[in-house]
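Peer 1: Model the following, please.
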Amino acid sequence: MKLKIRHITTYRYEDPVTDSVNEIRLSPRTNFRQSCYHHSITVEPTAPLFTYEDGFGNRIHAFTVNRLHQELVITSESTVVTHDNDGMLGRVLTPEEDWATLADDKLQNKYAEFLMPTHYASLDDGISAFANEARLAGAGVYDQVMALVSKIYAEFEYRPNATHVGATASDALRGRAGVCQDFAHLMIASCRAMGIPARYASGYHFIGDLQTRTADFEQASHAWVEAYIPGTGWLGFDPTNNNRVDERYIKLGHGRDYVDIVPVKGIYRGTPNQQLIVEVDVQRL
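Peer 2: Residues are numbered from 1 along each chain as shown. So this is what the prediction gives:
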């Protein structure tokens, strides 16, 4: 599937500000399931862009606007071709082999950062109890992860404004409602409670004429989960829509939780009063 993405982030300030230092994580990755053929970023006021990769392999653009300005506009445009080969499982192991692989010290050391609790994917008694409720006796890791996807989809309400950007997995569990970010953090925390490495993935979801719970959400920005499946590797799962990641998903990057993959973040000197406007459009070409 060939998709065009246009992502515009606008900051408007009550009074002129200066010394705005920013990081942008808006570059689609090129990997086995997608290829980015075009990508551009423009900034107004104009500023030189510096690019590098973080520890997770995400492409970052950084810039600084020192002169006074009352509006900052960041426009990212991309053309990406996606494939549905994320749906392919590799070597199928028995459930016993699955869990024995995850219990191996070498694997746990390799993926330690995706097994430990983080601020957003917190681990407490409530999360542990929820994970235990989702356990399937005798199931392999893949079936266990899919069961967790279905449980979150069935038991939680997709409701914008039910949470806030700083909400944790525990907050979502208590409220039984939220958006894709909340469901991703809850699933990540639950996977880690079971000993399954899991990470937060950020990107876009082309919904077209699909009837999903996110169809009324004006933005196509999306978050999902990647879990490590023994014998296969990292696979994408979407608890918001109760499905596996397919050709409709465009990945920007991944991290331990939302903090590692914030699309735009920065600091500046000046008034704290600002307005943030985000416009995202994903079209099929």
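
Peer 1: Packing partners of the lengthiest strand in the chain?
Peer 2: Counting by DSSP state E, the longest strand found in the chain is strand 2-24. Judged by 3 or more C-beta pairs under 8 Å, 6 or more residues apart in numbering; DSSP states H and E, strand 2-24 is in contact with strand 59-65, strand 69-82, strand 198-205, strand 264-269, strand 274-284. Every residue, glycine included, has its C-beta placed from N, CA and C.

Peer 1: Of these, which is nearest Thr94?
Peer 2: When those are ranked by proximity to Thr94, the top entry is strand 198-205, at 21.7 Å, counting by C-beta to C-beta.

Peer 1: residues making contact with the helix or strand just after that closest one?
Peer 2: Using DSSP states H and E, the next helix or strand after strand 198-205 towards the C-terminus is strand 221-229. Residues outside strand 221-229 that contact it (C-beta atoms under 8 Å, 6 or more residues apart in numbering) are 7, 89-90, 102, 111, 114, 141-142, 145, 180-181, 184, 187-188, 191, 196-205, 214, 234-240, 245, 249, 254, 258, 263, 278, 280.

Peer 1: For strand 221-229, which strands pair with it and how are they oriented?
Peer 2: Sheet pairing of strand 221-229 (DSSP bridges) gives strand 198-205 (antiparallel), strand 233-238 (antiparallel).

Peer 1: Deepest in the core, which of the ones you listed is it.
Peer 2: strand 198-205 (a mean of 25; mean count of other C-beta atoms under 10 Å).

Peer 1: Adding distance to Asp98 and mean pLDDT, write the strands paired with strand 221-229 out as TSV.
Peer 2: TSV is the format used below for the strands paired with strand 221-229 (distance: least, C-beta to C-beta, whole Å; pLDDT from 0 to 100):
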stretch	distance to Asp98	mean pLDDT
strand 198-205	15	96
strand 233-238	13	94
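
Peer 1: Now tabulate those in TSV and tack on distance to Glu71.
Peer 2: Putting the strands paired with strand 221-229 into TSV (distance: least, C-beta to C-beta, whole Å) gives the following:
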stretch	distance to Glu71
strand 198-205	25
strand 233-238	35
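
Peer 1: closest one to Pro160 among those?
Peer 2: strand 198-205 (15.1 Å).

Peer 1: Compute the inter-axis angle for the closest one and strand 69-82.
Peer 2: Counting by axes from the mean of the first three to the mean of the last three C-alpha atoms, to 10 degrees, strand 198-205 lies at 100 degrees to strand 69-82.
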